[in-house]
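Visitor: what's the 3D shape of this:
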Amino acid sequence: MSRDDENSGWQLTESDPGVFTELLKTLGVPLIVDDLYSLDAESLASLQPLHALIFLFKWLPSSSGDALSALAGEYDPEFSGFFAHQIVNNACATLAVLNALGNIPSLPTGPQLAELISFTAGMDAQTRGMVITSADWLREAHNSLSPPSSISLDGLGLPRKSEDAYHFVVYLPIMGAVYELDGLKRHPVCHGSFEEHGEGWVKTARQVIESRIATYPVDALEFSLLALRDDPLPSLQSSLLHAQSSECVAEAAEVVSRISSEHSKRERWSFENSLRRHNHVGLVHALLLGLAKGGRLSSAQEEAKKIMQARIDKQKTKGEEMDED
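Guide: Predicted coordinates:
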């Protein structure tokens, strides 16, 4: 959840497929995460095999309430799978991933994650959450892709403005039913069984997520959806070898194009993750110093003020607040 908690040691994480895929790589899990821009059957089918859907939404106090609406499923207090409570702020992204990974049968993992899952077997959700968030190596992996906090405003006496909080939950099939695993809820939420044929579990998950999205204003952009799926590269490379051995030129060309697209996507993720790890304060200082020496700092400052004021005015016309400091 994206509320500031300086004492937790867990930093904010972006809802970005490159961030989650890098985390999975650190955990020794051969899966990737992709953006999902549509919930239509065709888009979901293109990502199969699909193991889970990670949903980010704007958190409200009512979001974690114990009462569930008729369309929000039923608590399953007898759930025998892997489920951990969120004990500290800002850990919900990694916790959502672990709640998913812990319920995927026969999933290969790295030794540290395998040991963590084995050690917490049989624990209640609260204790398991405490153990997970106390794992230094996991917190370090989580924080490694968070932008460094290089500038502190503490001690300046500035007013603290409350910020919107966002939260990650995960939907996935477990023991023949679709479950919602939310670390802020006391139990996993069961959304019923699903048919194995056709779309399978994703059909039920789509209906549940669409119902949840429908509770927001029509033009709201306060949520995002990510897909936890098999890495397509091994399958694509096998398809390429088969097409080449069969001398299917057109098919081979199509597969090569898809492989190239996958590699380009991963190169972009790698570059963006390197930017997240980098401390840009030195660069900003050098740019400001260069502008000052060239006598252009004052004009750049005035231009920045105009741009910011335009943004503030635009937000106000929409009836939204924006900090004017």
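Visitor: can you report how many residues lie near G294?
Guide: Neighbours of G294 under the rule other CB atoms under 10 Å: 9. To be clear about C-beta, it is placed using only N, CA and C from the backbone, and glycine gets the same treatment.
Visitor: ignore the last one, Y171
Guide: The number of residues packed around Y171, counting by other CB under 10 Å, is 27.
Visitor: what about Q315, how many residues nearby?
Guide: 13.
Visitor: helix/strand/coil for it?
Guide: helix (DSSP: H, G, I helix; E, B strand; the rest coil).
Visitor: where does the prediction get shaky in this protein?
Guide: Applying pLDDT under 70 to the chain picks out residues 1-8, 60-71, 147-164, 220-221, 279-280, 318-325.
Visitor: got the domain ranges for it?
Guide: 17-148+163-230, 232-278, 287-317 (automatic domain parsing).
Visitor: how far off centre is the second one?
Guide: Okay, so that is domain 232-278. Its chain's C-alpha centre and that of domain 232-278 lie 23 Å apart, by CA atoms, centre = their mean, to the nearest Å.
Visitor: what residues are up against D35?
Guide: D35 sits next to 17, 224-227 when contact means CB atoms under 8 Å, 6 or more residues apart in numbering.
Visitor: do D34 as well
Guide: Contacts of D34 by CB under 8 Å, 6+ apart are 17, 47, 226-227, 229.
Visitor: how about the helix or strand harbouring I117: buried residues?
Guide: Following DSSP states H and E, one finds I117 within helix 111-119. Across helix 111-119, burial judged by 16 or more other CB atoms under 10 Å covers 113, 116-117.
Visitor: packed most tightly, which of the domains of the chain would that be?
Guide: The highest mean neighbour count among the domains of the chain, using mean count of other CB atoms under 10 Å, belongs to domain 17-148+163-230: a mean of 17.
Visitor: ends of that domain, how far apart?
Guide: End-to-end distance for domain 17-148+163-230, by CA to CA, to the nearest Å: 13 Å.
Visitor: which residues of the stretch 201-325 of the chain fall in strands?
Guide: For the stretch 201-325 of the chain, strands defined by DSSP state E, counting those that start in this stretch occupy the ranges 223-230.
Visitor: what's G9 in contact with, if anything?
Guide: Going by CB under 8 Å, 6+ apart, the list of residues near G9 reads 88, 139, 143.
Visitor: same thing but 7 Å
Guide: Shown in contact with G9 (CB atoms under 7 Å, 6 or more residues apart in numbering): R139.
Visitor: picking that back up, so which elements touch the helix holding I117?
Guide: Packing partners of helix 111-119 (3 or more CB pairs under 7 Å, 6 or more residues apart in numbering; DSSP states H and E): none among the helices and strands.
Visitor: can you name the element that comes right after that helix?
Guide: Once helix 111-119 ends, the next helix or strand along the chain (criterion: DSSP H and E) is helix 125-133.
Visitor: perfect, I'm done here.
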